[in-house]
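In: Predicted model and sequence follow; I will ask about them next.
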Amino acid sequence: MFWTEIDAHISRVTGEKFQSQQRRSVSGGCINQGYAVSNSEITYFVKLNQASQVAMFEAEMLGLKQMLATNSIRVPKPICWGTSGDSSYIVLEWLEMSGGDSKSWAEMGRKLAAMHKAKATSQRGFGWDMNNTIGSTSQINTWTADWVEFYGKHRLGYQFQLARRRGGNFPKQDELLAAIPELLAHEVQPSLVHGDLWGGNAGCTVLGEPVIFDPATYYGDREVDIAMTELFGGFPAAFYKGYNEVFPLDTGYEKRKILYNLYHILNHFNLFGGGYGSQANRMIEQILR
């Protein structure tokens, strides 16, 4: 019954009768189950979670639609989302992925820069139309006119609150938050950002076309995306060269990126605990030096 309902939803949305004949388990990321669902003509990517998590898929759908609307970088086309019984689901275009070469990664940089430069149709400062998730942590996107205020309150401030409840100890937290206006003293235009752009959420199709997916979208400083690409080993050098050809990074990025990546390390502490707390404290010390 569950899969029949998803098949019917796909059929309604696409206008083409779809009846799945094969369902194969594939990676759906850290927190979802993923399936390649196909008939003799077409394959879709379906992610599943508990019904209570349906808002996460609604936010993913909206983020992908907004990224598509910039006519810049390829993202999986969202088909539909909903609930069936005690499960929630999202259906996306299926893309055959591969590693990509330096040419593809340079194009990834150029196309991400084009997305960051794209003008928003409705701009209310920094934030987004709904809260979403970073991993499985709530990400607060309340519209805020000032980037310093938004980042201090809804990114670092919120993560520090969660970390305290988890028993985290960050002796220089208040000193860091007080220093944010000085640390982020550069001109920021709101850009549509991916929000969770590490190597696991980017790749290339078998034809070499760059793709990004699994977004935690909002309007923010474009540097948050570039910073995160450097967090877990970095993207190929061609990516950064391509990006800077189209939209060169501002002076001071090398310092700001540590502050921007602190958000993700705090989130990893809140999700997984362990050594991420001491890593966050080392980053705070580095920033304040």
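Out: Ah, there it is.

In: any idea where the helices of the stretch 1-150 of the chain begin and end?
Out: Along the stretch 1-150 of the chain, counting by DSSP state H, counting those that start in this stretch, helices occupy 2-14, 54-69, 102-117, 147-150.

In: which stretch among the ones you listed comes nearest Gly234?
Out: For Gly234, the closest of these is helix 102-117, at 11.1 Å, according to Cβ to Cβ. The way it works is simple: take the backbone N, C-alpha and C, and place the C-beta from them, glycine included.

In: before we move on, back to that, quick one: the helices of the stretch 1-150 of the chain as JSON lines, columns for mean pLDDT and distance to Leu231 too.
Out: Output for those, formatted as JSON lines (pLDDT from 0 to 100; distance: least, Cβ to Cβ, whole Å):
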{"stretch": "helix 2-14", "mean pLDDT": "95", "distance to Leu231": "35"}
{"stretch": "helix 54-69", "mean pLDDT": "97", "distance to Leu231": "20"}
{"stretch": "helix 102-117", "mean pLDDT": "97", "distance to Leu231": "16"}
{"stretch": "helix 147-150", "mean pLDDT": "98", "distance to Leu231": "20"}
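
In: closest to Leu271 out of those?
Out: helix 54-69 (14.5 Å).

In: now for the closest one, which elements pack on it?
Out: strand 43-50, strand 78-84, strand 87-93, strand 132-134 (3 or more Cβ pairs under 8 Å, 6 or more residues apart in numbering; DSSP states H and E).

In: can you pull the buried residues of it?
Out: Neighbour counts over helix 54-69 (16 or more other Cβ atoms under 10 Å) mark 54, 56-64, 66-67 as buried.

In: Could you do stretch 72-89 as well?
Out: 72-76, 78-84, 87-89.

In: mind checking how far stretch 197-211 is from the chain centre?
Out: 13 Å (Cα atoms, centre = their mean, to the nearest Å).

In: start to end distance for that stretch?
Out: 11 Å (Cα to Cα, to the nearest Å).

In: What backbone torsions are found at the closest residue to Phe269 other than its chain neighbours?
Out: Distances taken as Cβ to Cβ, 6 or more residues apart in numbering place Tyr276 nearest to Phe269, at 3.8 Å, with adjacent residues excluded. Taking degrees, to the nearest 10, you get phi -70, psi -30 for the backbone angles of Tyr276.

In: between the helices of the stretch 1-150 of the chain, which one is nearest to Phe235?
Out: Comparing the helices of the stretch 1-150 of the chain by Cβ to Cβ, helix 102-117 comes nearest, at 6.5 Å.

In: and the one helix or strand in the chain whose mean pLDDT sits lowest, which strands flank it?
Out: Counting by mean pLDDT, DSSP states H and E, the chain has its least confident helix or strand at strand 97-98, which shows a mean of 88. Partners of strand 97-98 in the sheet, by DSSP bridges, are strand 202-205 (antiparallel).

In: If we go by neighbour counts, what in the strand it pairs with is buried?
Out: Neighbour-count burial for strand 202-205 [16+ other Cβ under 10 Å]: 202-204.

In: out of those residues, who's nearest Tyr260?
Out: For the buried residues of strand 202-205, with Tyr260 as the reference and Cβ to Cβ as the criterion, the closest is Ala202, at 17.1 Å.

In: Relative to Phe235, how far out is the closest one?
Out: Shown here: Ala202 relative to Phe235, a distance of 7 Å by Cβ to Cβ, to the nearest Å.

In: Repeat that for Leu48.
Out: Distance from Leu48 to Phe235, by Cβ to Cβ: 29 Å.

In: Among the two, which residue is more densely surrounded?
Out: Phe235 (22 against 18; other Cβ atoms under 10 Å).

In: Now the more buried one. Nearest residue, chain neighbours left out?
Out: For Phe235, the closest residue by Cβ to Cβ, 6+ apart turns out to be Thr229, at 4.6 Å.

In: sorry, back to before: what is in contact with Ala202 and Phe235 at once?
Out: 108, 229 (Cβ atoms under 8 Å, 6 or more residues apart in numbering).

In: Where does pLDDT dip in this structure?
Out: For the chain, applying pLDDT under 70 flags the ranges 28-29, 120-123.
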